[in-house]
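[1] pasted the sequence and its predicted model underneath.
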Amino acid sequence: MLEVADAVVRYGAITALHGITFEVNEGEIVTLLGANGAGKSTTLRMVSGLQAPASGSITFQGRDISHTRAHDFAKLGVSHVPEGRRIFPQMSVEENLEMGAFRRRGSISEDLERIYETFPILKERRKQLGSNLSGGEQQMLAIGRALMSQPTLLLLDEPSMGLAPMIVDTIFRIIGEIRAAGTTVLLVEQNAAHALRLADRGYVLENGRIVLAGPASELLVDPRVRAVYLGEDVDSAS
Amino acid sequence: MIRDLLQRAPMRRLLVVLGVVAVIELITGPPGSNQYPTSGFTGSYAEAASFFGIFRTQRWLVFLALALVAWGVVELWTRFGTAIRSRGSHALAGPRQMTEKRPVRVGFALVLFVLGILLPHIVNNAFWQSALVTYVAIYVLLAIGLNVVVGFAGLLDLGYVAFYAIGAYTTAWVTGALPTPPPFGHPLDAFWAIPFAVVFVVIAGVLLGAPTLRLRGDYLAIVTLGFGEIITIFANNLYGITGGSTGTKQIPHPVFHVGPIKYTWGLAPVPYYYLALGSVVLFLVIFSLLQRSRVGRAWTAIREDEVAAESLGINPLKFKVMAFAVGAASAGFAGVITASADNFLFPSSFTLVFSINILVLVILGGMGSISGVVVGAIIIQVIQAYLNHTPPSGYQQPDLYIYVGALLITMMIFRPAGLIPSRQRRREITLYEKSHEGHPDEVLLGDDV
């Protein structure tokens, strides 16, 4: 569904991605792992058009999208939940969700109902302002808003950031449900244990390069991953 | 003992108020001179002149009394305000909900419209009849246009005067008052300058907007500031095209002539008032419809978070350029009306200060709130007209900026969202006061890339 080949991203003189190659197949949950500054968010920004690659190609459903602009991605069926949630603080929950369907014509009430079913708390708070929600509720709203455009591919940038463990569990359960409902998910995470337990496959980024790739179940027991991201002692793991 | 007293909030506020009094006393006092450099200070505090001729007493006494009253009101309000408001809100709940209803709002607007029509007959003083056009209506037109750019789309435009100038110069060009030959070879009525002006300002808006609106915040403000200056300098220096620094004095009054209907605007101000009122109403309708439309929602989204808006499929550049062009249109109208009513124009009247004045009207009224901006513009401009027409003793025209500046600072402290905050800001404030059940510590995490 999504193929990225040898993509390079530069910010001025600094190269953030040194030619990365990965793919996401239809119906999968794929996770990108890595430490701060490894290039995870840059990858996601590139795949959602916010940052054009200097070279390399990005193909989505057979179409080259490496130079498509960010605001045209919604039309393609790619929806991006940006880092830090970025909900509209002075709009109500419902207005935020309505903005998610900006590029669609026709009635959106069914979609609203569907989102409220997935996130009952949003229905309760639907007249509240975005800025009055807790971090977890904001994350749910950001995901709900992205789903309003009926995407085929959902890009999630660190949905667990700054949230309490219990809320993280809820968010990850919902990501599983979203996939079950037919949306492919590309998930960028620092919380490697959680992400790998949910995902089908994973890639590990380090300094702008992919250093490890494979099925999530294998990565979860890989000594290198365990040592670096799961905080285990290498010796005891092997 | 004294330290304890000083640490209490009301006491600290009293000291601040006294400090403000001392500063106001100084800035409204007499100027110093080369011979007596300190006379500005001594004169400010020792002088026994009356307060603008209103009260026959020393100025500092008046200022002090006013300050103490203001301080007392603020103290009482902070102590008992919440109780009064919660009791009052029960009584107010009915009518306040009423004003949210559409028929009521439309009815209210109609009443104001009728009042607007009758106004020149109520005010039958010659100065005030012309002030209604030159001081009030034109500025309302400009302020609601700038409000689209600044309030709706959140773009700080410091060169708004450029569009006003383009409107005025288009009028001069179309009527053959400039050295440049008019379009189609012969001069047209000033009335027909309106479509030309609108087309020109919209084109100017797009030309300025398309390359610069990729910039954000401060950068955009600098570029628009430059644009305003460029237009003025062009007008000043392109002698063969614009008439140079002397401008032109030959713009005819507008004539509306279609078939058997012929109407000529003359020297009397009242017909211009109706022309301006008509334009104001037209733009009020257009802008409030736009605000409620899909376009308006896109503007709100871009203003609140451009990256999020982009990721939802909103093309920020397209909608920002649209805001620029739409907002410029009303300035074009204002330019046409001013030029044809005055018959003359000079480049020196289109300055940066003018742009900032309009911006002040928008900020005082309430950014993003159409009714607020209209009310704010009317209040400030009426005060300005009054002060210029009947200056109190000791008042000089440049003093206005002292008072407007002080008003602006006070407003930003006590009512940062403006006189009549926009619906969104108002809702935010009431929700915050009502509940406090939000999570103020969990603010939005945003990174401006």
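    Yes, it's here.
[2] what's the helix or strand for the residue lying closest to residue A:146 once chain neighbours are set aside?
    Closest residue to residue A:146 apart from its sequence neighbours, by C-beta to C-beta, 6 or more residues apart in numbering or on different chains: residue A:79 at 4.0 Å. The C-beta positions use only the backbone N, C-alpha and C, and glycine is treated the same way. Secondary structure assignment for residue A:79, by DSSP states H and E: strand A:78-81.
[3] chain center to that strand: distance?
    7 Å (C-alpha atoms, centre = their mean, to the nearest Å).
[4] next, the buried residues of that strand.
    Under the neighbour-count criterion of 16 or more other C-beta atoms under 10 Å in any protein chain shown, strand A:78-81 has A:78-81 buried.
[5] do the same with stretch B:61-70
    Quick answer for stretch B:61-70 (16+ other C-beta under 10 Å): B:62-64, B:67.
[6] need the strands for chain B, in chain order.
    Secondary structure of chain B (DSSP state E): strands located at B:255-258, B:261-264.
[7] I'd say the residue nearest to residue A:146 and residue A:157 touch.
    No. Applying C-beta atoms under 8 Å, one finds residue A:79 not in contact with residue A:157, separated by 11.7 Å.
[8] any idea what the residue nearest the centre of chain A is bridged to?
    Residue closest to the average C-alpha location in chain A (C-alpha atoms, centre = their mean): residue A:156, at 1.4 Å. Beta-bridge partners recorded for residue A:156 (DSSP bridges): residue A:81, residue A:187.
[9] give the other helices and strands that the longest helix seen in chain A contacts.
    In chain A, with assignment by DSSP state H, the single longest helix is helix A:165-180. Counting contacts by 3 or more C-beta pairs under 8 Å, 6 or more residues apart in numbering or on different chains; DSSP states H and E, helix A:165-180 packs against strand A:29-34, helix A:109-118, helix A:135-147, strand A:184-189, helix A:192-198.
[10] in the second one, what's buried?
    Which is helix A:109-118. A:111-112, A:115-116, A:118.
[11] could you dump it to PDB, C-alpha only?
    C-alpha atoms of helix A:109-118 as PDB (Å, rounded to 0.1, in the frame of the first residue of the first chain):
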ATOM      1  CA  SER A 109     -23.600  12.500  11.200                       C
ATOM      2  CA  GLU A 110     -23.100   8.800  10.700                       C
ATOM      3  CA  ASP A 111     -19.300   9.200  11.100                       C
ATOM      4  CA  LEU A 112     -19.800  11.400  14.100                       C
ATOM      5  CA  GLU A 113     -21.900   8.600  15.700                       C
ATOM      6  CA  ARG A 114     -19.300   6.000  14.800                       C
ATOM      7  CA  ILE A 115     -16.500   8.200  16.500                       C
ATOM      8  CA  TYR A 116     -18.700   8.700  19.600                       C
ATOM      9  CA  GLU A 117     -19.200   4.900  19.800                       C
ATOM     10  CA  THR A 118     -15.500   4.400  19.700                       C
END
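[12] now it: average pLDDT?
    Mean pLDDT, computed over helix A:109-118, is 91.
[13] the helix or strand just after it close to chain B?
    Scanning forward in sequence from helix A:109-118 by DSSP H and E, the next helix or strand is helix A:120-124. No. Taking C-beta under 8 Å from any C-beta of the partner chain as the criterion, helix A:120-124 and chain B are apart, separated by no less than 12.4 Å.
[14] for chain A, what's the nearest residue on the stretch 251-400 of chain B?
    Nearest residue of the stretch 251-400 of chain B to chain A (C-beta to the nearest C-beta) works out as residue B:313 at 2.8 Å.
[15] in stretch B:283-293, which residues are buried?
    So for stretch B:283-293, counting by 16+ other C-beta under 10 Å, buried means B:283-284, B:287-288, B:290-291.
[16] and the residue of chain A nearest chain B?
    residue A:74 (2.8 Å).
[17] how about the nearest residue to that residue, chain neighbours excluded?
    residue B:313 (2.8 Å).
[18] show me where pLDDT drops low in chain A?
    By pLDDT under 70, the low-scoring segments of chain A are A:230-238.
[19] ok, now with 50
    Applying pLDDT under 50 to chain A flags the ranges A:234, A:236-238.
[20] contacts only, for the residue lying closest to residue B:240 once chain neighbours are set aside.
    Distances taken as C-beta to C-beta, 6+ apart place residue B:179 nearest to residue B:240, at 5.4 Å, with adjacent residues excluded. Residues in contact with residue B:179 (C-beta atoms under 8 Å, 6 or more residues apart in numbering or on different chains) are B:239-243.
[21] residue B:169 now?
    B:178, B:235, B:242, B:335, B:339, B:345.
[22] of these, closest to residue B:211?
    Distance to residue B:211, by C-beta to C-beta, is smallest for residue B:235 among the contacts of residue B:169, at 21.7 Å.
[23] state the distance from that closest one to residue B:165.
    6 Å (C-beta to C-beta, to the nearest Å).
[24] overlap in contacts of those two?
    Joint contacts of residue B:235 and residue B:165 (C-beta under 8 Å, 6+ apart) are B:347, B:350.
[25] if we can go back for a sec, can I get the buried residues of stretch B:61-70 in TSV with distance to residue B:116 and pLDDT?
    Formatted as TSV, the buried residues of stretch B:61-70 follow (distance: C-beta to C-beta, whole Å; pLDDT from 0 to 100):
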residue	distance to residue B:116	pLDDT
B:62	36	76
B:63	37	80
B:64	40	83
B:67	37	85
